[in-house]
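Participant: Kindly generate the corresponding structure for this input.
(one chain, ligands or ions: 1)
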Amino acid sequence: MKKMNDYIDSVFAPNDALLKEVTASIKENGMPSISVSPSSGKLLTMLVSISGALNVLEIGALGGYSGICLARGFGSNGKLTSLELEEKYAKLAENNLAKAGFGNQVTYLTGPARKSLEKLEENQRQFDFFFIDADKENYKHYLEHCIKLAEPGALIVSDNVLAGGSVVDDTSKKKRYTEDMRHFNELAANHPQLESLLIPIGDGLTVSRVKEK
Ligand SMILES: C[S@@+](CC[C@H](N)C(=O)[O-])C[C@H]1O[C@@H](n2cnc3c(N)ncnc32)[C@H](O)[C@@H]1O
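Facilitator: The predicted structure follows:
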């Protein structure tokens, strides 16, 4: 899986200067190197752009790598709302989004994402694109929240759904969240309000479309 991903990244999605800088800033700040893969980031840009989404919600910001990829998809007209547990991470992400030229188009809500999602529901907010990339044990709850906040036809993209390949390969080293991801994929695949498919790029992206009501 790694060799294939490295090949795809190098041919189709080599990091540009800004994304290299963002990756370096994450390391320099002692944060984990767990941003989406370059190809996953490029696919996020393409999906936002193709779908014409203008109101994007991200769950899990880290240093803003995926935030920049999402924002590149909507250009100068869209808005990104990003939920992040750690104040320090949200600050770095905010700086990096500003460097990328999206400073006025992004809002960070810090604290546990489930609390922020409840607030967004209370305020009757609606989004047309979602990216789930935070604590894996809560993915099933995040999916239900996203469906409640979704405009008909919205896309919900979720990362790390292959759990390093361990969801399909019993000989590969199991991750803490292997079972969570297996359950999540079953949920997305069989959810009556969704049409879903797993795309095996990076650590796996499950792409779900919210059906028209
Ligand atoms: C894999 S990283 C996100 C990477 C980012 N999406 C990217 O590709 O650039 C996961 C992030 O989720 C955040 N996180 C973990 N648990 C959370 C929670 N309960 N609520 C909100 N954010 C959480 C972590 O602090 C971390 O920044």
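Participant: Enumerate the helices of the chain by residue range, in sequence order.
Facilitator: Taking DSSP state H to define them, one finds helices in the chain at 2-12, 17-28, 38-51, 65-74, 87-99, 113-122, 139-149, 178-190.
Participant: what's the angle between the third one and helix 17-28?
Facilitator: Translated: helix 38-51. If you take axes from the mean of the first three to the mean of the last three Cα atoms, to 10 degrees, helix 38-51 sits at 130 degrees to helix 17-28.
Participant: is the spatially most central residue of the chain in a bridge, and if so with what?
Facilitator: Centroid-nearest residue in the chain, with Cα atoms, centre = their mean: Phe131, separated by 3.3 Å. Taking DSSP bridges as the rule, Phe131 bridges to Glu58, Val157.
Participant: quick one, what contacts it?
Facilitator: Leu44, Val56, Leu57, Glu58, Ile59, Gly60, Ser66, Leu70, Val157, Ser158, Asp159 (Cβ atoms under 8 Å, 6 or more residues apart in numbering). The way it works is simple: take the backbone N, C-alpha and C, and place the C-beta from them, glycine included.
Participant: which residue sits closest to the third one, ignoring its sequence neighbours?
Facilitator: Read it as Leu57. Distance criterion Cβ to Cβ, 6 or more residues apart in numbering; nearest residue to Leu57, sequence neighbours excluded, is Phe127 at 4.3 Å.
Participant: Next one: that neighbour relative to Glu58, how far apart?
Facilitator: Going from Phe127 to Glu58 by Cβ to Cβ, to the nearest Å gives 10 Å.
Participant: ok, these two, which is more surrounded?
Facilitator: Glu58 (30 against 22; other Cβ atoms under 10 Å).
Participant: Quick check: that one touching Ser66?
Facilitator: Yes. In this structure, Glu58 is within contact of Ser66 by Cβ atoms under 8 Å, at 6.5 Å.
Participant: so what sits against both of these two?
Facilitator: Residues touching both Glu58 and Ser66 by Cβ under 8 Å, 6+ apart: Phe131, Asp133.
Participant: Contacts for stretch 182-198, please.
Facilitator: With contact meaning Cβ under 8 Å, 6+ apart, stretch 182-198 is reached by 136, 139-140, 143, 147, 156, 158, 161-162, 167, 204-211.
Participant: buried subset of those?
Facilitator: 136, 139, 143, 147, 156, 158, 161-162, 167, 204-210 (16 or more other Cβ atoms under 10 Å).
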